[in-house]
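Visitor: okay, sequence plus prediction incoming.
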Amino acid sequence: MQNIYEATSANKRKSFLVVVFFLAFVSLASYFIVSALSYYWGYEASGLGIFGIALIISGFTTFIGYFFSDKIILTISNAHPADRNQDFEFYTVAENLSLVAGLPKPKLYIIEDSAPNAFATGRNPENAVVCVTRGLLEKLNRTELEGVIAHELSHIKNYDMLLMSIVAVLVGSISLLADIFLRTSFYRGNREEKNGIQSLVIILGILFAIVSPIIAQLIKLAISRRREFLADASAVMITKQPSGLISALRKISSDYEPLEVANKATAHLFVVSPFKGKGHRAVDWFSGLFNTHPPIEKRIEVLEKMI
């Protein structure tokens, strides 16, 4: 058995280690790619060098998406504001749990879809949104709904939108940098004779340029899965009991109605991945590396240790 404080601390520690590993990998890959690029261009890298340019380009596009993310996501999800009279239970659950979590009550939205699911968005607690489907309100009881809303409030309190935006900037930067290097090496070729160290750096640069975008994306997904575990544990700290969230996860994952408005761009936001399906275990293990969410069975197993 693991109490909620131990579970939360363990999840924060693991999440921190994954982020540190991610930053170390991006730094190492950037160093070799920029160094190799400098040999091709006859360019002496200083400070952030060409990586700084890639960082600015990727950061600008991600900032626009981050700042307007709530409006963009709500629009493409066909969500509308919740009505206090019609959706009274949704309102009171969100108000009570926000008070317990020490957060301002988020804006509440609803997607008119019978598939049960929910997500949170917004750049900070003052501009946060919690959105649920009509199916979630109709199929979950109040205790289960509290578990789901507490999970979404935890994403807001843990600044997961901000963290994943920073990670997206770095993934975008390393991908852009790798693309520039590969195009440069393809068009310029090996026209000038290089010494031993320069040749080694160029080989490492090519290697990192090929594998870095893939590895960075995999680490990004690993961070996303760790934040889901952390949000589960943080939700239990708010509700003081894991049974509601456990029951909600079982109900949502066993519901086979497709969520029509979900797509690859928004799937990572939902409390349970809206894409459902099972395969063989070996394939599941491999495909699991590309999932934004950990397996439901594993999430429930971790939550049951807190009972």
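Guide: Done, it's in.
Visitor: residues contacting Leu182?
Guide: Ile206, Ala209, Ile210 (Cβ atoms under 8 Å, 6 or more residues apart in numbering). Using the backbone N, CA and C atoms, a C-beta is placed for each residue, glycine as well.
Visitor: so which of the residues you listed are in helices?
Guide: Mapping the contacts of Leu182 onto helices (DSSP state H) picks out Ile206, Ala209, Ile210.
Visitor: list the residues that contact the second one.
Guide: The contact partners of Ala209, by Cβ under 8 Å, 6+ apart, come to Ile33, Ala36, Leu177, Ala178, Phe181, Leu182, Ser185.
Visitor: tell me how far the helix or strand Leu177 falls within lies from the chain's centre.
Guide: In the assignment (DSSP states H and E), Leu177 maps to helix 160-188. Here helix 160-188 shows a centroid-to-chain-centroid distance of 17 Å under the convention Cα atoms, centre = their mean, to the nearest Å.
Visitor: now stretch 256-273
Guide: Per Cα atoms, centre = their mean, the centroid offset for stretch 256-273 relative to its chain is 13 Å.
Visitor: follow-up on the earlier one: and of the ones in helices among the contacts of Leu182, the nearest to Glu138?
Guide: Proximity of the ones in helices among the contacts of Leu182 to Glu138 (Cβ to Cβ) peaks at Ile210, which lies at 48.8 Å.
Visitor: pull the number of nearby residues for the closest one.
Guide: The tally of other residues near Ile210 (other Cβ atoms under 10 Å) stands at 12.
Visitor: who are the contact partners of it?
Guide: Ala178, Leu182.
Visitor: 10 Å instead?
Guide: For Ile210, the contacting residues are Ala178, Phe181, Leu182, by Cβ atoms under 10 Å, 6 or more residues apart in numbering.
Visitor: kindly report the same for Leu245.
Guide: Counting by Cβ under 10 Å, 6+ apart, Leu245 has contacts 143-144, 146-151, 231-233, 235-236, 239, 271, 299-300, 303, 306.
Visitor: just give the nearest non-adjacent residue to Pro106, would you?
Guide: Ala128 (4.0 Å; Cβ to Cβ, 6 or more residues apart in numbering).
Visitor: ok now stretch 294-307, how far from the chain's centre?
Guide: That offset, for stretch 294-307, works out to 19 Å (Cα atoms, centre = their mean).
Visitor: with stretch 241-253 instead?
Guide: 21 Å.
Visitor: stretch 99-107 too?
Guide: Distance, stretch centre to chain centre, for stretch 99-107: 22 Å (Cα atoms, centre = their mean).
Visitor: which residues touch that stretch?
Guide: 70, 74, 81-82, 91, 94-98, 120-122, 124-131, 146, 149-150, 152-154, 156-157, 234-235, 237-240.
Visitor: helices - which of those land there?
Guide: Going by DSSP H, the helices hold 70, 74, 91, 94-98, 146, 149-150, 152-154, 156-157, 234-235, 237-239 from those.
Visitor: separate out the buried members of those residues.
Guide: 70, 74, 91, 94, 97-98, 146, 149-150, 152-154, 156-157, 234-235, 237-239 (16 or more other Cβ atoms under 10 Å).
Visitor: I'd assumed Val129 was in contact with Lys71.
Guide: Yes - between Lys71 and Val129 there is a contact under Cβ atoms under 10 Å: 9.3 Å.
Visitor: centroid-nearest residue for the chain?
Guide: Ser224 (3.7 Å; Cα atoms, centre = their mean).
Visitor: quick one: residues contacting that residue.
Guide: Val18, Asp160, Leu163, Met164, Val167, His268, Leu269, Asn291, Thr292, His293, Pro294.
Visitor: ok, now how distant is the second one from Gln198?
Guide: The one in question is Asp160. 42 Å (Cβ to Cβ, to the nearest Å).
Visitor: what about stretch 84-103, distance to the chain center?
Guide: Mean-position distance between stretch 84-103 and its chain equals 25 Å (Cα atoms, centre = their mean).
Visitor: restricted to buried residues, select the contacts of Leu245 in ChimeraX.
Guide: Only the buried entries of the contacts of Leu245 go into this ChimeraX selection, using 16+ other Cβ under 10 Å:
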select :144,146,147,148,149,150,151,231,232,233,235,236,239,271,299,300,303,306
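Visitor: give me the pLDDT for Leu162.
Guide: For Leu162, the model assigns a pLDDT of 74.
Visitor: if you could redo that for Phe119, that was the one I meant.
Guide: Note for Phe119: predicted pLDDT of 91.
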